[in-house]
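**Q** Give me a model of this one.
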Amino acid sequence: QAQLVESGGGLVQAGGSLTLSCVVSGRTFGTFVMGWFRQAPGKGREFVATINRDGGYIRYADSVKGRFTISRDDAKNAVFLQMNTLKPEDTAVYYCAASGLLTVDAQGYSYWGQGTQVTVSA
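**A** From the prediction side, this is the model:
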């Protein structure tokens, strides 16, 4: 089993920035593909970004491309999501997830954090 704990959410004005962190314990972090997803009220869970095991492959949703940056630090067993130029439509609960597969499909991720709320005011 792996445990994932997110942090870094909060309230920010449009145009602002936040950095989310997710620390993984219980399993070897380096074996995981890591992803970030989000879920807005009344909507389904949406893919945001993914990074492969060595950081050599990264993919973003079109809605965040150019504004968000995913990264990982294997020494800290952590994955990060730097979010810049935030928009009100970025408001959601953000989840990090771990997978053995390189995929943007939430069903491919076996382990999930509890989520952290990001609210962007207009």
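**Q** Where do the strands of the protein begin and end?
**A** Residue ranges of the strands in the chain, as given by DSSP state E, are 3-7, 10-13, 18-25, 33-39, 45-51, 58-60, 68-73, 78-83, 92-99, 111-112, 116-121.
**Q** contacting residues for Thr119?
**A** 10-12, 91 (C-beta atoms under 8 Å, 6 or more residues apart in numbering). All C-beta spots, glycine's among them, are computed from the backbone N, C-alpha and C.
**Q** so what's it bridging to?
**A** Leu11 (DSSP bridges).
**Q** Kindly report the same for Ala92.
**A** Here Ala92, judged by DSSP bridges, has bridge partners Val118.
**Q** I'd assumed Gly44 was in contact with it.
**A** No - using C-beta atoms under 8 Å, Ala92 is not in contact with Gly44; the gap is 10.9 Å.
**Q** Between these two, tell me which one has more neighbours.
**A** The neighbour comparison of Ala92 against Gly44 (other C-beta atoms under 10 Å) goes to Ala92, with 22 against 8.
**Q** Tell me who's in contact with that one.
**A** By C-beta under 8 Å, 6+ apart, the contact set of Ala92 is 38-40, 43, 46, 117-118.
**Q** Compare the residues you listed and tell me which is most surrounded.
**A** Ranking these using other C-beta under 10 Å puts Arg38 first, with 24 neighbours.
**Q** Spatially nearest residue to it (excluding sequence neighbours)?
**A** Ala92 (3.8 Å; C-beta to C-beta, 6 or more residues apart in numbering).
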